[in-house]
Structure formats: structure tokens, C-alpha cells
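A.B. asks: Build me a structure from this.
(one chain, ligands or ions: 1)
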Amino acid sequence: MMRKILIVIICALITPCITSTAAGQNAKTGTKDKNRNFGDLPDGTLAKLYTLTNKNGVSVTVTNYGGIIVNLMVPDRNGKMADVVLGYDKVKDYVKDSPYFGALIGRYGNRIGKGRFVLDDVTYDLAINNGRNHLHGGLKGFDKVVWDVVKIKKPEGPSLKLHYLSKDGEEEYPGNLDVNVTYTLTDENELKIDYLATTDKATVCNLTHHSYFNLKGHGCEDILEHQIVINADNFTPVDEGLIPTGEIRSVDNTPMDFRKPTPIGARIDANDQQIKYGRGYDHNWVINKKSNKLTFAASVYEPQSGRYMEVWTTEPGIQFYSGNFLDGSNVGKSGKVYNFRNGFCLETQHYPDSPNHPEFPSVILRPGQQYKQSTIYKFSIR
Ligand code: GLA
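C.D. replies: Residues are numbered from 1 along each chain as shown. Model (predicted):
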């Protein structure tokens, strides 16, 4: 009897702490937790939170809505944990207005010029949702759908397997696209994302992930002093709508040269046509690589905290976006306001508008083929 009373008192004492914790920050109990409630979606589906924790206490929390990474806890050089991704405390805020915070992106990540492409002599017209162009899969891309999620154990570490069937004709894309995405957190502090997709009709497929990082911790001002390296001799210049012109241009003597560590802010306001079109950085770099094996694509170092992140990918390109559309209108986790350039994205991908550029690596997926990509975000300190 006494034991029961004691348990009730302890529960009453700790419950307010747990419920007042920002989304997914309950890292210590993460792997033992039952999947937590993240609120109702407009159609009545329950959004859930799933947390993976490794032996170093690094944790990642994902929701089934959009496969969004809600929270990513990583230590600084003194072992102090911070949540290094932007996002919200409640799923309803993601539904209301999110610039793709932490989301899985598809069926076609990045832009398709005028929302139109021709495949096997059929013209497809997609939603125009970004100026005159199509962006990130349309009005209801993979960032806004509910994924089936199961926890699995892989040899490399605890994993979440997400599945979504994008029906033939969804967002006007052809073919039933069956998509599996696996998030794995290794004991080497790597967040690995593996994508696998198949189709029953020829289609286009370009999947990516859209976390906004701030290695000081989300809500800790701008990212301009973060030092970035991009392993690319070339990039794909764009027009004013951020559609590639088709040229593959050398980064030599341009503000796009990040082959040596450079603060993001060093040349972000340079008097340069490409920088003007992007309002800063919002471009695709052509990763230096010889095969489709995992290749070092980029790294970012934050000098105050000592946090360091490397990005490795099987993809040929990487979009570096410096948060130029953040304007303080998104009030995020713990009431933090996300202002101009308070986060950056490194989206591994095929090049933008590839369906209209036969000279770019192909994004066409046919029945019998598998779309596969792997990307690793690896965290350490310096
Ligand atoms: C992508 C685009 C950016 C912007 C963000 C979302 O990264 O390249 O231009 O649209 O998504 O705000």
C-alpha cells in the first residue's frame, strides 16, 4: 500500500516536468518510451514521436507527420547537450506553417521549372507553388503526409523505418511510388538516412531531408560564423527563379568556393548575381566524386560550441540553403523566434530541375529499378 502511494506521489511530481519538456527533449528515457503523443492532425490521425538514443546520449526524435526530425540533441566540447535543429513543439504548428523544418522531401526535392516535364512523350503539369515553379513535391509533398513508422534494430544502431505509398497521380506525378526511409543513429554519433523507392510506372524521384541546423543550438541567433566546407569544384548557376540554367560553373574566384573552411557570412552579401538571385546561398553544388559510393560532401564547424558536422552522401549534388527566407515569423520550440539566417540546410540530392535537363544525372525511375540513396550527418567536436 505504502509503495503504491509513493509511486503515485513520484508520478505526480515528475509528470509536469515531462509534459513541459519541449518536443522530444526527453532524451534519457527516449528509447524506453512508448511512442509519445504529438497531437492530432486535422484529419484526426494521431501524430506520434519516436526517439532514438545512442550510448553517448545523443538522441534524435522523429514524428510520423512528414517524417520530420523534431529534435536532435548533440554535445558541445564540454559535453553539454543542445538541440541543433529548428522546429516546433506541437504538430499543429508544422501543419499550419513550416518552411519544411526537418522534413522528408519528395517526390521531387527542389524545383522543377514551370512545374512541367515530359517523360516518355507525356507532358506532366505539377502544382506551381514557388513563384512560377514547382518546389519540394507540390502542395502536399512527402513533408505533409503521414508515414508508417516502426522501430527496428540494425547492427549499426537503433533505427526507425518509415514507409509511405505515394499513389499514382498524387500531386500529378505518374506511378505508385513505394517509399521506405530508414533513420539510424549509430554509436559514432552518425545520423544515417537510407532511402529506397520503387515504382510501377516511369516517374521522377528525388528524395531529400530538410533539417535546418544551428550548431550553437536552435534559437541561438544566426549561423554566419559557422565555418563551412563544400567538396565541390562546380555548382549549377540559376536564374532569378532559382532554376538551373544548365551550365556547370567552376567555383573558382566566386563566393561559391567553399573548398577551404570559410565562415558562411564571409561573402554572403557579395555583389554577385548568383548571391543576389539566392538572397544569399540557395544553390546546388556538384559534389566532387567518381562513383555513387558514400562521399564526403560538406562539413560545418561552429567555433563557440566546438560542434562539428560532416555530411556524406551517395548523391551527386547538395543544396546549401542559408535560411534566407526565415524572417522571424516562425516561433519555434520553447518560444524561440527563428530570424533571418538562423539556420542552414544541407540537402543531398540530384540537381534541381533535372527532368528538364537531360545532361544532368537522371532522376527517372522505371518499373523494376530501385531508387536508392544514403546520407550521413556525423557529429563530433573540435
Ligand atoms: C529549399 C529551397 C529554398 C526555400 C526552402 C524553404 O531549400 O531551395 O529556396 O524554398 O527550401 O523555405
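A.B. asks: where does the residue of the stretch 51-200 of the chain found nearest the ligand land in three-state SS?
C.D. replies: Proximity of the stretch 51-200 of the chain to the ligand (CB to the nearest ligand atom) peaks at residue 99, 3.7 Å away. Every residue, glycine included, has its C-beta placed from N, CA and C. Following DSSP: H, G, I helix; E, B strand; the rest coil, we place residue 99 in the coil state.
A.B. asks: Which positions in the chain make contact with the ligand?
C.D. replies: 99, 100, 135, 242, 282, 319, 321, 325, 345, 347 (CB under 6 Å from any ligand atom).
A.B. asks: Kindly tell me how buried the third one is, as a neighbour count.
C.D. replies: Just to be clear, that refers to residue 135. Counted with other CB atoms under 10 Å, the neighbours of residue 135 add up to 22.
A.B. asks: how about the strands in the stretch 151-300 of the chain?
C.D. replies: Ranges of strands within the stretch 151-300 of the chain are 157-166, 177-185, 190-199, 203-204, 208-210, 227-230, 234-236, 249-250, 262-263, 282-286, 295-301, based on DSSP state E, counting those that start in this stretch.
A.B. asks: Per-residue pLDDT of residue 29, please?
C.D. replies: We have a pLDDT of 33 for residue 29.
A.B. asks: All further residue positions should be reported with the first residue as 25.
C.D. replies: New numbering, starting at 25: the last item is residue 53.
A.B. asks: circling back: just the strands of the stretch 175-324 of the chain: most buried one?
C.D. replies: strand 232-234 (a mean of 26; mean count of other CB atoms under 10 Å).
A.B. asks: one step back: is it possible to export the residues of the chain next to the ligand to CSV including pLDDT?
C.D. replies: Listed next are those as CSV, based on pLDDT from 0 to 100:
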residue, pLDDT
123, 98
124, 98
159, 98
266, 98
306, 98
343, 99
345, 99
349, 98
369, 99
371, 99
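A.B. asks: separation between residue 260 and residue 368?
C.D. replies: 18 Å (CB to CB, to the nearest Å).
A.B. asks: and what of residue 90?
C.D. replies: Counting by CB to CB, the gap from residue 90 to residue 368 is 20 Å.
A.B. asks: The residue of the stretch 75-224 of the chain closest to the ligand contacts residue 356, correct?
C.D. replies: No. Using CB atoms under 8 Å, residue 123 and residue 356 do not qualify as a contacting pair, with a distance of 10.9 Å.
A.B. asks: between the two, which one's more packed in?
C.D. replies: The neighbour comparison of residue 123 against residue 356 (other CB under 10 Å) goes to residue 356, with 24 against 19.
A.B. asks: residues contacting that one?
C.D. replies: Going by CB atoms under 8 Å, 6 or more residues apart in numbering, residue 356 touches 110, 111, 112, 113, 125, 242, 243, 362.
A.B. asks: quick one: which of the residues you listed is nearest residue 289?
C.D. replies: residue 362 (17.0 Å; CB to CB).
A.B. asks: Can you give me the neighbour number for that closest one?
C.D. replies: Neighbours of residue 362 (other CB under 10 Å): 24.
A.B. asks: One more: the one 3 residues further on?
C.D. replies: Applying other CB under 10 Å, we find 22 residues neighbouring residue 365.
A.B. asks: quick one: contacts for it?
C.D. replies: 246, 247, 248, 288, 292, 304, 346, 347, 348, 350.
A.B. asks: can you check residue 94 too?
C.D. replies: 47, 48, 62, 73, 85, 86, 87, 109, 111, 112, 126 are the contacts of residue 94 under CB under 8 Å, 6+ apart.
A.B. asks: Point out the least confident member of the residues you listed, please.
C.D. replies: Among the contacts of residue 94, residue 48 has the weakest pLDDT, 38.
A.B. asks: For residue 346, grab phi and psi.
C.D. replies: When read as degrees, to the nearest 10, the backbone of residue 346 gives phi -100, psi 30.
A.B. asks: Which residue is the nearest non-sequential neighbour of the residue of the stretch 175-324 of the chain found nearest the ligand?
C.D. replies: Using CB to the nearest ligand atom, residue 306 is the residue of the stretch 175-324 of the chain that sits closest to the ligand, at 4.5 Å. Residue nearest to residue 306 in three dimensions, not counting chain neighbours: residue 345, with 4.8 Å by CB to CB, 6 or more residues apart in numbering.
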